[in-house]
Each structure stands twice: as C-alpha cells, then as structure tokens.
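K.L.:
this is the structure alone, sequence omitted:
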C-alpha cells in the first residue's frame, strides 16, 4: 500500500512539491546536524591537544635546584661506587625485625 501511494505521488504534480519539501528538510535539519558533529569533533580534538601539551610542559619543567645539582656533579658514578657508598651507611650485621601493624 505504501509503494502504491509513492507511485501515485510520483505520477502527480505534487511530486515536485514533495521533493522540494524533502530537500528543505535536509537543509533545515541535516546540514546543521552534520556541521555540529564535524565542528564538535574538531573542537574536542583541539581542546584535548591543548590539555595534553600543557600537561607535558608542566612535567618537563626543571627547577633551578635540579639544574644546580646536575651541573655540580663532579663525575658520573658507577653502580659499584654507589653500592659501596650505600654499604658504608647501612649496618647489615645489627638489625632488628620490626613488625608492622596489620
């Protein structure tokens, strides 16, 4: 019944009016919807990129104290030297087992 009504509409003069109304509906509702989706996607992408760039900038900032510590290092330390330095500070023969609360 639906296909018969569409065929009868195509055969009448009203088919041009129906076609015009359908194209006006697309312009009125479809085009703004597509623009909103594309614009929203592009806007969110730019906001996300700005947020990530700001976070990366904060993480890569180096304080003046850190710069002084790195530049004042006399020479690079090997793992063996670091082990010896730590062993001097720690007494492994005198220790006490301390329980932690559960």
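P.N.:
In hand now; what should we look at? Source: prediction; values computed, not measured.
K.L.:
and the lengthiest helix in the chain, how far out from the chain middle?
P.N.:
Taking DSSP state H as the criterion, the chain has its longest helix at helix 31-60. Centre-to-centre, helix 31-60 and its host chain are 9 Å apart (CA atoms, centre = their mean, to the nearest Å).
K.L.:
helix or strand right after that helix?
P.N.:
Downstream of helix 31-60, the first helix or strand assigned by DSSP states H and E is helix 64-71.
K.L.:
quick check: next helix or strand after that following helix?
P.N.:
Following helix 64-71 in sequence order, the next helix or strand is helix 79-89 (DSSP H and E).
K.L.:
show me which positions of that following helix end up buried.
P.N.:
Judged by neighbour count using 16 or more other CB atoms under 10 Å, helix 79-89 contains no buried positions. (Glycine included, C-beta is placed from N, CA and C.)
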